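In: structure for this input, please:
(one chain, ligands or ions: 1)
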Amino acid sequence: MIEYDKDAIVYPYITSYIRGEIPKRQGILGELEEYAEKNAIPIVQPETAKLLETLACIKRPHRVLEVGCAIGYSAILMAQYLSENGSITTLEWDADMVEIARHNIEKAGLSHCITVIQNDAKEVIKNLTGEYDIIFLDGPKAHYIYMLNDCIRLLKKGGMLISDNVLYKGMTADDGHVIRRKITIVKRLRRFISAQMQRTELETVILPLGDGVTVSVKK
Ligand SMILES: C[S@@+](CC[C@H](N)C(=O)[O-])C[C@H]1O[C@@H](n2cnc3c(N)ncnc32)[C@H](O)[C@@H]1O
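Out: Numbers count the residues shown, from 1 in each chain. Coordinates of the predicted model:
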């Protein structure tokens, strides 16, 4: 019989198979995965990391904005596929995380192209200018909905908005799965997904991968 993990949005045996096919990472990314596991730092899930890498590989972005840096794992991952002189700006409000991320980015030899801004992303994003090829939302889930207009404003035509954890352990999809204290986040995530699907400037797909990811392309 298939065991059903209440938190997983995909059957565990499928996830297990997918993860088994992902080659073990070497070097700094491998070290950061181990560090994150040991210290319970919520970095992107392995299959979401592969999606991010694949999209970055297609896009070869010049400018990337990330909301939610943590220890710098996903920023370092995306940096592999930056185009010449490309850069990543990543936002993180936790001072300890920022210190660790900056250390890791330096160790990876990427300080010249990844900048960590320590502040509340909700405030920073309002004041950003210019155009981004990829925006990766992986921070305050309850605020994605309030960041959507700025994300659209900041995306280049053809640029991608990639948002993680949008199905939030399945709670977004089904009231029966909702933990009471998470109801506000869930309601806002539902609004965020609906808004993305309805905005005529975007072409959006909802992927039941990892913890749920939306990928929107600005038309
Ligand atoms: C899921 S982790 C990011 C993981 C990272 N993207 C990775 O995969 O390596 C989310 C991060 O967002 C940060 N965060 C949450 N709310 C934030 C806010 N309003 N402004 C900036 N950072 C925030 C948290 O401190 C946390 O480190």
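In: who's in contact with Asp150?
Out: Residues near Asp150 by Cβ atoms under 8 Å, 6 or more residues apart in numbering: Ile125, Lys126, Leu128. C-beta: built from backbone N, CA, C; applies to glycine.
In: which SSE is it in?
Out: With elements taken from DSSP states H and E, the one containing Asp150 is helix 144-154.
In: chain center to that helix, what's the gap?
Out: When distances are taken as Cα atoms, centre = their mean, to the nearest Å, helix 144-154 is centred 14 Å away from the chain's centroid.
In: got the contact list for the residue nearest the centre of the chain?
Out: Centroid check for the chain by Cα atoms, centre = their mean gives Asp138 as the closest residue, at 3.7 Å. Taking Cβ under 8 Å, 6+ apart, we find Asp138 in contact with Val44, Glu66, Val67, Gly68, Ser74, Ser163, Asp164, Asn165.
In: how close does the residue nearest to Leu128 when sequence neighbours are not counted sit to the ligand?
Out: Closest residue to Leu128 apart from its sequence neighbours, by Cβ to Cβ, 6 or more residues apart in numbering: Leu154 at 5.9 Å. Per Cβ to the nearest ligand atom, to the nearest Å, Leu154 is found 16 Å from the ligand.
In: contact residues of this structure facing the ligand?
Out: Taking Cβ under 6 Å from any ligand atom as the measure of proximity, the chain contacts the ligand at 42-44, 68, 70, 73-74, 91-94, 97, 120-122, 138-140.
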